[in-house]
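Chemist: Provide a 3D model corresponding to the input given below.
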Amino acid sequence: MKRWIWISAGAAVVILLGIVGTGGYAYFSLKHTAKQVYVPLPDKPKYVSKDTELKRPETIDTSKLSPFTVLLLGVDERQGDRGRSDTILVLTVNPKQEKALLFNIPRDTRTEIAGRKSQDKINHAYAFEGVAGSLATVENFLDMPIDYYVEVNMEGFKSIVDTLNGVDVVNAFAFSYEGSEFPAGEQHLDGDQALKFSRMRYDDPRGDFGRNERQRQIVRDVLHRASQWNNLWELPDVLKTVGNHVRTNMTFDEIQDLATKYRTRIAKVESTEIRGKGSMINGIYYYLVDEKERDRIHSDMKKLLMEPS
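Modeler: Below is the predicted model:
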């Protein structure tokens with residue numbers, strides 16, 4: 001992976017970051033949109049890990065290049081309900097180490113849902129309790145505090161890809177999905193095609209793992225294109241798309257810090273997969289992740305979050 005993957009907080013927020021610094025109209029337009037998308041989480045104590053070696057601050061000081069974690073939720077909204085989180089990505093960033101770690105949590109992962117004290121698929125947490133429920137559930141699953149979230153709905157995803165003039169991907173095998181054909185090899189996708197490309201899983205020999213890798217491909221190319229985007233005449237449309245389809249608890253000042261202080265410091269981004277096995281429980285398919293694997297992911301994140309005392 002290349003150094004332009006400096007924060008996978010969601011394609012729309014990266015577009016915001018790319019606009020920072022252009023001055024004048026762009027600055028004030030960005031500030032207005034940042035205010036529009038800003039939705040803080042309910043006040044509650046910071047999640048405290050059972051890992052006593054892990055020391056995390058109550059708040060992140062982005063002005064001092066503090067490491068942080070981000071939960072990216074791609075939400076499939078449905079008429080009459082809030083929908084489910086179709087995509088769950090976690091990014092851990094440490095600018096001083098010049099490293100970051102990106103991984104998906106399979107949406108069928110069976111875990112305890114925060115606030116319910118019952119086991120269910122992890123993507124159902126959003127349907128039950130919204131962003132706050134999803135974030136708390138992911139924190140419990142990873143035994144790790146999550147500092148930020150970015151929520152992007154699927155219509156916004158398509159619009160963002162189209163604004164960036166599409167994405168380039170390499171398809172491992174030919175398949176068709178919802179009326180679109182995806183041949184093997186390199187191809188360029190518009191927003192609608194990119195969404196379909198990222199959703200197919202039942203015809204993928206690797207199932208959710210193959211689907212997750214296709215999602216990461218799209219995220220990587222979106223970030224690359226967003227980091228180079230400078231079409232200021234399209235700025236009103238971009239900010240309208242972001243304002244309508246993105247929500248985050250990042251403040252305007254934090255977004256500025258990420259753009260000006262973090263983006264050039266991440267030289268290496270690693271990906272990992274959460275290993276587990278599929279199982280039918282009471283007639284429902286779940287992805288089961290054992291404690292040893294959760295500890296491995298926790299440890300990988302911890303290495304990036306620990307700062308010298």
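
Chemist: CA atoms only: put whichever helix or strand Leu73 is part of into PDB for me.
Modeler: Using DSSP states H and E, Leu73 sits in strand 68-78. In PDB, the C-alpha atoms belonging to strand 68-78 read as follows (Å, rounded to 0.1, in the frame of the first residue of the first chain):
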ATOM      1  CA  PHE A  68      -5.800   7.300  17.300                       C
ATOM      2  CA  THR A  69      -8.500   4.800  16.100                       C
ATOM      3  CA  VAL A  70     -11.300   5.400  13.700                       C
ATOM      4  CA  LEU A  71     -14.500   3.300  13.100                       C
ATOM      5  CA  LEU A  72     -15.800   3.600   9.500                       C
ATOM      6  CA  LEU A  73     -19.400   2.600   9.000                       C
ATOM      7  CA  GLY A  74     -20.800   2.200   5.500                       C
ATOM      8  CA  VAL A  75     -24.600   2.200   6.200                       C
ATOM      9  CA  ASP A  76     -27.300   0.800   4.000                       C
ATOM     10  CA  GLU A  77     -30.300   2.900   5.000                       C
ATOM     11  CA  ARG A  78     -33.800   1.500   4.500                       C
END
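
Chemist: Have a look at this protein and report its longest helix.
Modeler: Determined from DSSP state H, the single longest helix within the chain is helix 208-228.

Chemist: Of all the residues in that helix, which ones are buried?
Modeler: Going by neighbour count (16 or more other C-beta atoms under 10 Å), the buried part of helix 208-228 is 208-212, 214-227. All C-beta spots, glycine's among them, are computed from the backbone N, C-alpha and C.

Chemist: Quick check: what element follows the strand holding Leu73 along the chain?
Modeler: Note on strand 68-78: by DSSP H and E, the next helix or strand toward the C-terminus is strand 81-94.

Chemist: Point out the other helices and strands that that following strand packs with.
Modeler: Strand 81-94 is packed against strand 68-78, strand 99-104, helix 124-142, helix 208-228, helix 291-305, with contacts defined by 3 or more C-beta pairs under 8 Å, 6 or more residues apart in numbering; DSSP states H and E.

Chemist: try it again with 7 Å
Modeler: Contact here means 3 or more C-beta pairs under 7 Å, 6 or more residues apart in numbering; DSSP states H and E; on that basis strand 81-94 packs against strand 68-78, strand 99-104, helix 124-142, helix 291-305.

Chemist: got the angle for it vs strand 99-104?
Modeler: Compare the direction of strand 81-94 with that of strand 99-104 by axes from the mean of the first three to the mean of the last three C-alpha atoms, to 10 degrees and you get 150 degrees.

Chemist: which residues touch strand 81-94?
Modeler: 7-9, 67-77, 100-105, 107, 122-124, 126-127, 130, 134, 138, 154, 215, 262, 266, 301, 304-305 (C-beta atoms under 7 Å, 6 or more residues apart in numbering).

Chemist: PyMOL command to pick out the buried ones of the residues you listed?
Modeler: Here is the PyMOL selection string for the buried members of the contacts of strand 81-94, based on 16+ other C-beta under 10 Å:
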select buried, resi 7+8+9+67+68+69+70+71+72+73+74+75+76+100+101+102+103+104+105+107+122+123+124+126+127+130+134+138+154+215+262+266+301+304+305
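
Chemist: Given the strand holding Leu73, what are its sheet partners and their directions?
Modeler: Here strand 68-78 has these sheet partners by DSSP bridges: strand 81-94 (antiparallel), strand 148-153 (parallel).

Chemist: Quick one: those as TSV, columns for distance to Leu30 and mean pLDDT too.
Modeler: Below are these laid out as TSV (distance: least, C-beta to C-beta, whole Å; pLDDT from 0 to 100):
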stretch	distance to Leu30	mean pLDDT
strand 81-94	21	80
strand 148-153	16	88
